[in-house]
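Chemist: Provided below are the primary sequence and the corresponding predicted coordinates.
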Amino acid sequence: MTGSPLEPAIVKPIRNKYTPDIGSVAAMVATRPDIGMLRGMSSTGDEISRNLFTGKVYIAAGASSRFSMTGPLVGAPYAAMILETLIAWGARQFIFWGWCGAVSPEACIGDIILPSAAMIDEGTSRHYLATREEISRPSRAMTARIRGVLNTKDANWKEGLIWTTDGVFRETRKKVIYYQSRGVLAVEMEMSALFTVAAFHHVDIGGILVVSDDVSGLTWEPGFKSERFEAGRVAAGEAVQAVLKELS
């Protein structure tokens, strides 16, 4: 997927003399607990924070590195707003960290999922595409870097196709069976839009997801309080921190 000949937008993210120097590397983190964990892991000395829509951007400014961490954020439209703003502010390499629900029986609560592609079942991507694409993809370079980091970790992780939906409460039996037939590992709410927007702007992005719950058996099994999920969060945070350190 590349930039398309779509009509230019009227409203664009703003960069002015008050825009902070966020560096070229950015982590986008879906949940408040995870942004707190990542900040603790990624302390490089001075940290600058600034409000960004309904969340915050934290800038880690060490002696030899600078990167940003932004969150919390939920849903494709809001995630796209954040990504476009960070691009306008100078970031060019992104890693997204979020949670997902298992769709395949091969994905277990607490597993880390490295998305190789995302099936588009959200509306945001359509505003950045000239054709009716079904799948969006992360950048190969960023995915390879994340894969390399995960290979060094003692963690359960899988790489494969995910499903991005706007309707978290409309994951029906029919839809789950359909996406299982397509080889989908898990479902979440942001990745396909982030991949599409990043491709539109020619920037690099990849993702790390932690399986927090399970719909693969056509009933809902929450795992948010399980020890395995907590261990997966820690491993994912360490992987994101390692990628930030390598890039910055």
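Modeler: Perfect, thanks for sending it.
Chemist: quick one: strands adjacent to the helix or strand of the chain with the lowest mean pLDDT?
Modeler: For the chain, counting by mean pLDDT, DSSP states H and E, strand 46-52 ranks last in confidence among helices and strands (a mean of 88). Using DSSP bridges, strand 46-52 pairs in its sheet with strand 55-61 (antiparallel).
Chemist: now do the helix or strand following the strand it pairs with against strand 46-52, angle only.
Modeler: Next helix or strand after strand 55-61 toward the C-terminus (DSSP states H and E): strand 66-71. Here the directions of strand 66-71 and strand 46-52 differ by 40 degrees (axes from the mean of the first three to the mean of the last three C-alpha atoms, to 10 degrees).
Chemist: show me what the next helix or strand after strand 66-71 packs onto, helices and strands only.
Modeler: Using DSSP H and E, the helix or strand that follows strand 66-71 in sequence is helix 76-88. Secondary-structure packing of helix 76-88 (3 or more C-beta pairs under 8 Å, 6 or more residues apart in numbering; DSSP states H and E): strand 25-29, strand 66-71, strand 93-102, helix 191-201. All C-beta spots, glycine's among them, are computed from the backbone N, C-alpha and C.
Chemist: out of these, flag the one nearest residue 9.
Modeler: Nearest to residue 9 among the helices and strands packed on helix 76-88 is helix 191-201; the distance by C-beta to C-beta comes to 10.7 Å.
Chemist: tell me the angle of the closest one relative to helix 76-88?
Modeler: With the same axes, to 10 degrees applied, the angle from helix 191-201 to helix 76-88 works out at 30 degrees.
Chemist: show the end-to-end separation of stretch 165-184, please.
Modeler: End-to-end distance for stretch 165-184, by C-alpha to C-alpha, to the nearest Å: 13 Å.
Chemist: give me the residues contacting it.
Modeler: 75-76, 101, 103-104, 119, 121-123, 160-163, 187-189, 215-216, 218 (C-beta atoms under 8 Å, 6 or more residues apart in numbering).
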